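Chemist: Have a look at this prediction, sequence included:
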Amino acid sequence: MNGEIYLDYAATSAVRPPEVIDAVGHYLREIGATPGRSGHARSIDAGRMALRCRQRLAELFGIEGDPGRIVFQLNATHALNVALLGLLAPGDRVIRTKLDHNAVRRPVAALARRGVEEAVLDLTPGGAPDLDQLETLLRSGVGAVRLLVLPHASNVTGTVLPVSAMAEMAHEWGSLVLLDAAQTVGHYPVDVRDLGVDLMAFTGHKGIPGPQGMGGLWVTEGLELAPLVAGGTGGDSGSAEMPSAYPDHLEAGTQNAPGIAGLAAATEWVLAQGAELRHGRESALKRRLVEGLASIPQVRIHSAVDEPAVGIVTLVHEGITPGELSSTLEREHGILGRAGLHCAPDIHAALGTLASGAFRLSIGWATTCEEIDRTIAAFRDVGTRRENR
C-alpha cells in the first residue's frame, strides 16, 4: 500500500523479496508435483527443490551432517509441538521460561495435565532468565530434567537469551535443550554448533521472509522422536510403522511444496544478505526508533535496548490503550504494528502489562530510516493532540 509503514515483522514478513514470490510462481507453473511421491520428472524436480531447501537451511544454521535432520513443518508452533509431544512422557520433567510464547506454554501445559512435571524459570529484575534458579532446578539429579525449552529471543522484549551458557548447564545435568528460534532466524546469527542445542524449531515467514505455512524442526543426529502424525511418506509403504529414516520419520502426508519453494528462495536471499550484516542494520534502526520514542514523555518502552537483542520495540502510551493506539496509527499515519499480549502472557505479567496489553513495533528487512523517522513523528503527533484535548 502506498505510504504504508509495515512494522509487524515479529508476526510475519508481509513484505517479501521478489525472489520469493517468483520462486513460488515458478513452482506452481513449472513443477507442481510433490517431492518423493512419484518417479516422474516433475516429482524428481520437486525432490531436488526440497533437498536444496534443506541444504540452504543447514548452511544458515551451521548444521553439519545430514540435512535430512531438518524436517518441514507448518510453522514454529507445529515444530515445537512435534518436539515436545514426541520427546516427553508422563514422569518426565521439563523446564521452560516466563519469556515463552504460547507455542511452548500451551503444549507444555497440556503435557502437564498428562503427568509431565513443569517448572517455569523466573526472570531477574533486568528481565533476563534467572541462571541461579536454573542451576537449582537442574541440580535435582542427573537426568531428572528431561528437557530445557528456551526462546532464542523474546517476542515481546526482543531480549536474546544466553543460550549457549544455559545449554551447557543443562547438558552438565543430562538434560536436552530445545530452542524456539522463531524470532531470530534471519534477523540474528544462529549457529547450532555455537548454541549447543539438541533441537531447534524455526519458522519461514518472519526473519526468513518466505510464505506462511512453512517452518521446520532440526533434530540432532542420534536423538529420536515419536512422530506426532502418521501417514504416507512415499516410501516403506508396506510397513504399518513410520519409517525410521529422517526426514520421512516426521513428515507424514503431502508437503507444502509451494511453501518449500518459497522457503528455499527466502533462505538463499538471507544467506546472500548475511545475518550479521542484517542484524547490524536492524539494530541501528531500532536504536534510532528507541531514542526518538524515549524523548516523548507519554511513551514507556518495555523492550531491551542494549545488545544482544532483536529489532522489537514494545511500549505503552499513557492515556491511550494499545488497541486505540494501534488503530489511530494505522488510520492516521499508515503505521502497522500489533497491540495485545502477543501470545506471551507470562512476560506481560512480569512487565505489568497483563491487564492492558502493549503495542509492539518490529523491524524487518525492508524497514528504512525514513519510516522510522515518520513513526517517531506520528507518536509525537498523537501525544500532542492528546495533551491539547
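Modeler: Right, received. Where do you want to start? All figures in this text were calculated on a predicted structure; none of them were measured in a lab.
Chemist: Could I get the full set of strands for this protein?
Modeler: Counting by DSSP state E, the chain has these strands, from start to end: 5-6, 70-73, 93-97, 117-121, 147-151, 176-180, 199-203, 215-219, 299-301, 312-317, 335-336, 338-340, 358-362.
Chemist: just these: most buried one?
Modeler: Highest mean neighbour count among those (mean count of other C-beta atoms under 10 Å): strand 199-203, with a mean of 29. Backbone N, C-alpha and C define where each C-beta goes, glycine included.
Chemist: the inter-axis angle of it versus strand 147-151?
Modeler: Strand 199-203 runs at 30 degrees relative to strand 147-151, counting by axes from the mean of the first three to the mean of the last three C-alpha atoms, to 10 degrees.
Chemist: What lies in contact with strand 199-203?
Modeler: For strand 199-203, contacts defined as C-beta atoms under 8 Å, 6 or more residues apart in numbering pick out 61, 73, 75-76, 79-80, 83, 87, 176-182, 185, 190, 192, 208, 214-220, 223.
Chemist: What strands line up against that strand, and which way round?
Modeler: strand 176-180 (parallel), strand 215-219 (antiparallel) (DSSP bridges).
Chemist: Off-centre distance for it?
Modeler: The chain centroid and the centroid of strand 199-203 are separated by 7 Å under C-alpha atoms, centre = their mean, to the nearest Å.
Chemist: Now the worst-scoring helix or strand of the chain on mean pLDDT: buried residues?
Modeler: Ranked by mean pLDDT, DSSP states H and E, the weakest helix or strand in the chain is helix 369-387, scoring a mean of 88. Within helix 369-387, the residues that count as buried by 16 or more other C-beta atoms under 10 Å are 371-372, 375-376, 378-380, 382-383.
Chemist: same deal with stretch 40-49?
Modeler: Residues of stretch 40-49 classed as buried: 43, 45-47, 49 (neighbour count, 16+ other C-beta under 10 Å).
Chemist: Can you tell me which of the residues you listed end up in helices?
Modeler: Among those, the members found in helices (DSSP state H) are 43, 45-47, 49.
Chemist: any idea how far residue 169 lies from residue 125?
Modeler: Here the criterion is C-beta to C-beta, to the nearest Å. By it, residue 169 lies 21 Å from residue 125.
Chemist: Correct me if wrong: residue 121 contacts residue 132.
Modeler: No. Residue 121 is beyond contact range of residue 132, at 10.4 Å (criterion: C-beta atoms under 8 Å).
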